[in-house]
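**Student:** Please work out how this folds:
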Amino acid sequence: MTAADGTWQPARFSRTSKHRSVQLSDGSELTLASNGERLGARVIDFGISAGFLLIGLWLSFASWDIDNTDEPFGNSLLFPLFPALQLVMVVVYRMLATALWGQTLGKRALSIRVVDRTTGRRIRWRQAFARTIIPLAGGLISLAGLYFWFVFGIVGGNTGTAVFFLVAGLVGTCLCYLSITWHAQRQGWHDRSAKTLVVRVP
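**Tutor:** Below you'll find the predicted structure:
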């Protein structure tokens, strides 16, 4: 614990529950969501996000004119446009759901909620934005890698840079989510930067 942790006490096991909990200065107690619950919610939300991105990829391939030999790039330079727009939709979906209700569909299904670390109440818009954009930054890096891979594949360049961006983005996102496993209050990098916690809904 540091001074930045505010009024939260170190995570401990509740006497009435096997689940890890935290306590506010007023004595009220909140039960943290387990790693399994957060993983389950993440899988559901990942499926929703993947659906958005797959639609974007399908639209990209559908709009690519491979028979245009006069302009070899044709619409190919716009290949990542649709996936990028879908990624924006994912950001908007997660940010709105978290700011308004504290729950995405995945979290609602697992009965867990995002709350402010200090008050235990609904988070603010800037917190929702920070919490959403940090793990998805890896998605943006991977999308850049996809773009480079596609362009280098056309011009015959070295795709090593593209592979690096693809892998770096995926690894960064995975580490962000895995970071909850080694923090006492199960806060990932995105939770700590946004000053939020994920708790079980009573």
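
**Student:** quick one: the helices in this structure?
**Tutor:** Assigned by DSSP state H, the helices in the chain fall at 35-63, 81-101, 105-109, 125-155, 160-178, 189-194.

**Student:** Which among these is found nearest to Glu29?
**Tutor:** Comparing these by their distance to Glu29 (Cβ to Cβ), the top pick is helix 35-63, with 17.5 Å. All C-beta spots, glycine's among them, are computed from the backbone N, C-alpha and C.

**Student:** What average pLDDT does that closest one get?
**Tutor:** What helix 35-63 shows for mean pLDDT is 79.

**Student:** rewinding a little: need the helices of the chain in a markdown table (columns: mean neighbour count and distance to Arg200).
**Tutor:** Shown next, in a markdown table, are the helices of the chain (neighbours: other Cβ atoms under 10 Å; distance: least, Cβ to Cβ, whole Å):
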| stretch | mean neighbour count | distance to Arg200 |
| --- | --- | --- |
| helix 35-63 | 15 | 7 |
| helix 81-101 | 18 | 15 |
| helix 105-109 | 19 | 10 |
| helix 125-155 | 18 | 18 |
| helix 160-178 | 16 | 18 |
| helix 189-194 | 20 | 15 |
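
**Student:** In a markdown table: those helices, plus distance to Ser21.
**Tutor:** As requested, the helices of the chain are exported to a markdown table (distance: least, Cβ to Cβ, whole Å):
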| stretch | distance to Ser21 |
| --- | --- |
| helix 35-63 | 14 |
| helix 81-101 | 22 |
| helix 105-109 | 18 |
| helix 125-155 | 21 |
| helix 160-178 | 22 |
| helix 189-194 | 16 |
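
**Student:** Out of those helices, the one nearest Thr118 is which?
**Tutor:** When the helices of the chain are compared by Cβ to Cβ, helix 125-155 sits nearest Thr118, at 10.7 Å.

**Student:** quick check: mean pLDDT across that closest one?
**Tutor:** Per-residue pLDDT values over helix 125-155 give a mean of 76.

**Student:** Could you do stretch 100-116 as well?
**Tutor:** Over the span of stretch 100-116, the pLDDT mean works out to 94.

**Student:** What of stretch 19-31?
**Tutor:** For stretch 19-31, mean pLDDT is 79.

**Student:** Now that stretch: buried residues?
**Tutor:** Buried residues in stretch 19-31, counted by 16 or more other Cβ atoms under 10 Å: Arg20, Ser21, Val22, Gln23, Leu24, Glu29, Leu30, Thr31.
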